[in-house]
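Undergrad: give me the fold of what follows.
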Amino acid sequence: MITSGGAVPVQPSTIGGLLERSAARYPDRLALRFADRTFTYAELDAAATRSARYLLGLGLQPGDRIAAYGKNSDAFLLAWLGSCRGGLVHVPVNYNLTGADLAYILNQSGSNVVLADPALESQLRAGMAADTANPVTARIISLRDSDDSFLAAVTTNDEIPAGTPLPTVADDDLAQLLYTSGTTSLPKGAMMTHRALIHEYLSCLTALDASSDQTMLHALPLYHSAQMHVFMMPWLAIGARNVLLESPSADAVFDAIENGGCDSFFAAPTVWVALTNHADFATRNLDGLRRAYYGASIMPGPVLARLQQRLPKLGVYNCFGQSEIGPLATVLRPDDHLTRPASAGRPVLFVQARCVDANGDEVPAGEPGEVVYRSPQLLTGYWADDDATAEAFRDGWFHSGDLAVRDEEGYFTIVDRIKDVINTGGVMVASREVEDALYTHPSVGEVAVIGVPSEKWIEAIVAIVVPKGDPVTVEELLAHAKSQLSAFKVPKEIRLVDSLPRNASGKLLKRVLRDSFVE
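TA: Sure thing, here's the model as predicted:
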């Protein structure tokens, strides 16, 4: 770090400094719109400072953890910005978590305060008490919707800036604990520094063709690293206009594009599926949408085709990664969708990636291997979990747990999570290959393929299908699978269900499927 007189950092890479610079460049430009409230960049920057002083005024010290348990709002964003400026460690919590799952994250992180939506407070209190052996004792502060809430204080109280002095924040200080989604195991808190996230923002801006004249629509949960760190923060960094929705309902999204001037939008493929299947998709004026971003899984071919046919000027980007790397690692750009629609693209600016075998040796192009990373975007380790940290960082690389094939031109195609490769009769089968085959049936809306314990097969391939359109039978789907796959890859069982378990960011929870199937 460069210092002045050997003490004071000249230019640390911090989240607070990022917003301050945007406010200096574009003080009067719209930074954020949420519901009927708006903030210019100067107003957002001032509110972030008041937020930091409010939080420190609660008795918190730099380095303390502060949890946020709420849906999308300007209050949620200000709590994050204030935490960063106050040297606190922000812990975003999935507002769908309840009971012991919620208590686990609050206890494991050691959060001293929980900022919560009032509508979620009873759910929060029940979760805090769920672990009777170790109940959560954090203080609860209302995020919004009341006169004594955090939002009311930091947007109306002019005395806060004259109060508690702000600490000096270094770029290697922790900014956030990003808890992994826990699709295959208990969540782990990825320790993300200011420096790591700033590097990640630069990667996003270059890979996603961001510009300050864009108006970005944000509708997926801000507690998730993709919405916050691939889209909200990078676009605030360059002074773009940002419109925030509480949730990605079709009516709200269409209104924001048609009447709100939003030209860019990120959503999981499940949301794009719902939007393109909506009756208004064909009739609303959506021509202003120029960039469509997606992640969490491959976009189904029919959905991509509907988007491109309806909006021929639309550029589509596949964003791939994981929380531990900020989370963006690779991007498939619009022109690449024409020739590699199933690919996750190539590594972004600050990411080095390769595919390795079980011994850590790089595999030849075209052969599957685990994706490993080197990057300044990476976590510094898992919070209070040295064993998990040591397991993830081996041979000088971070091991992602993703199985992929890298081609000669450096494009990565994700085969599956390593834990989602099924050992059936001693032969390894990627669940995604079976899913892709079933997706080609016109009556399949969604499908998840898992391996379940089997005395005969080691693991039996099971497909869970959400039908769409005309009724379909298990027998029809089995016949279709047999026409598409080698015999050993055909599911031993197919179940028809109304929906698949997903978290609020759209990621499929195969762990839940496996557990419920075994039970």
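
Undergrad: what residues are bridge-paired with E370?
TA: V356, L403 (DSSP bridges).

Undergrad: surely it is in contact with W397?
TA: No. Counting by CB atoms under 8 Å, E370 sits too far from W397 to count as a contact (9.5 Å). In short, each C-beta sits where N, CA and C put it, glycine included.

Undergrad: can you work out which residues contact both of the two?
TA: Common neighbours of E370 and W397, using CB atoms under 8 Å, 6 or more residues apart in numbering, are V356.

Undergrad: which SS class is L438?
TA: helix (DSSP: H, G, I helix; E, B strand; the rest coil).

Undergrad: mind checking how far it is from L55?
TA: Distance, L438 to L55, by CB to CB, to the nearest Å: 49 Å.

Undergrad: just W272 next, same as before
TA: W272 is 36 Å from L55, by CB to CB.

Undergrad: if we can go back for a sec, which of L438 and L55 has more residues huddled nearby?
TA: L55 (26 against 23; other CB atoms under 10 Å).

Undergrad: which element is the more buried one on?
TA: Per DSSP states H and E, L55 falls inside helix 41-56.

Undergrad: residue contacts, L304?
TA: By CB under 8 Å, 6+ apart, the neighbours of L304 are 316, 337, 341.

Undergrad: please redo it, this time with the cut-off set to 10 Å
TA: Applying CB atoms under 10 Å, 6 or more residues apart in numbering, we find L304 in contact with 269, 272, 276, 292, 294, 298, 316, 318, 337, 341.

Undergrad: how many neighbouring residues does the closest residue to the first one other than its chain neighbours have?
TA: Looking back up the chat, that one is P269. Closest residue in space to P269, ignoring its immediate chain neighbours: M299 at 4.9 Å, by CB to CB, 6 or more residues apart in numbering. When neighbours are defined as other CB under 10 Å, M299 has 22 of them.

Undergrad: shouldn't M299 be in contact with V273?
TA: Yes. Using CB atoms under 10 Å, M299 makes contact with V273 at a distance of 8.8 Å.

Undergrad: quick check, central residue of the protein?
TA: Most central in the chain under CA atoms, centre = their mean is A226, positioned 3.1 Å from the mean C-alpha point.

Undergrad: and that residue, what's its pLDDT?
TA: pLDDT, A226: 95.

Undergrad: start at 889, not 1
TA: Done: numbering now begins at 889, and the last item shifts to A1114.

Undergrad: and it, how far from H1106?
TA: For A1114 relative to H1106 (CB to CB), the value is 11 Å.

Undergrad: what's the overlap in contacts for those two?
TA: 1120, 1154-1155.

Undergrad: element containing M1316, please.
TA: Counting by DSSP H and E, M1316 is found in strand 1315-1318.

Undergrad: hang on, the earlier thing: using JSON lines, lay out the shared contacts of A1114 and H1106 together with neighbour count, secondary structure and pLDDT.
TA: Shown next, in JSON lines, are these (neighbours: other CB atoms under 10 Å; DSSP: H, G, I helix; E, B strand; the rest coil; pLDDT from 0 to 100):
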{"residue": "M1120", "neighbour count": "23", "secondary structure": "helix", "pLDDT": "98"}
{"residue": "F1154", "neighbour count": "25", "secondary structure": "strand", "pLDDT": "98"}
{"residue": "A1155", "neighbour count": "25", "secondary structure": "coil", "pLDDT": "95"}
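
Undergrad: among the residues you listed, which one lies nearest to K959?
TA: M1120 (14.4 Å; CB to CB).

Undergrad: on that earlier part again, got the contact list for the strand holding M1316?
TA: Taking CB under 10 Å, 6+ apart as the rule, strand 1315-1318 contacts 1256, 1291, 1302-1305, 1308-1311, 1324, 1337, 1339, 1345-1347, 1349, 1373-1374, 1376-1378.

Undergrad: which among the residues you listed end up buried?
TA: Neighbour-count burial (16 or more other CB atoms under 10 Å) is assigned, among those, to 1256, 1291, 1302-1305, 1308-1310, 1324, 1337, 1339, 1345, 1347, 1349, 1373, 1377-1378.

Undergrad: quick one: the helices in the stretch 1189-1338 of the chain?
TA: 1189-1198, 1274-1280, 1319-1327 (DSSP state H, counting those that start in this stretch).

Undergrad: could those helices go into a markdown table alongside mean pLDDT?
TA: Shown next, in a markdown table, are those (pLDDT from 0 to 100):
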| stretch | mean pLDDT |
| --- | --- |
| helix 1189-1198 | 90 |
| helix 1274-1280 | 95 |
| helix 1319-1327 | 85 |
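
Undergrad: relative to Y983, which of those helices is closest?
TA: That would be, of those and by CB to CB, helix 1274-1280, which comes in at 24.9 Å.

Undergrad: gap between that closest one and the chain center?
TA: 22 Å (CA atoms, centre = their mean, to the nearest Å).

Undergrad: packing partners of it?
TA: Secondary-structure packing of helix 1274-1280 (3 or more CB pairs under 10 Å, 6 or more residues apart in numbering; DSSP states H and E): strand 1077-1081, strand 1285-1294.

Undergrad: deepest-packed of these, please.
TA: strand 1077-1081 (a mean of 25; mean count of other CB atoms under 10 Å).

Undergrad: what's the angle between the next helix or strand after it and strand 1077-1081?
TA: Next helix or strand after strand 1077-1081 toward the C-terminus (DSSP H and E): helix 1082-1095. With axes from the mean of the first three to the mean of the last three CA atoms, to 10 degrees applied, the angle from helix 1082-1095 to strand 1077-1081 works out at 80 degrees.

Undergrad: output helix 1082-1095 as CSV - backbone C-alpha positions only.
TA: Output of helix 1082-1095 as CSV, limited to C-alpha atoms (Å, rounded to 0.1, in the frame of the first residue of the first chain):
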residue,chain,number,x,y,z
HIS,A,1082,-12.5,-4.2,-0.2
ARG,A,1083,-9.6,-4.9,-2.5
ALA,A,1084,-11.0,-8.2,-3.8
LEU,A,1085,-14.4,-6.6,-4.5
ILE,A,1086,-12.9,-3.6,-6.3
HIS,A,1087,-10.9,-5.9,-8.6
GLU,A,1088,-14.1,-7.9,-9.2
TYR,A,1089,-16.0,-4.7,-10.2
LEU,A,1090,-13.3,-3.8,-12.7
SER,A,1091,-13.6,-7.3,-14.2
CYS,A,1092,-17.4,-6.8,-14.5
LEU,A,1093,-17.2,-3.4,-16.1
THR,A,1094,-14.9,-4.6,-18.8
ALA,A,1095,-16.5,-7.9,-19.5
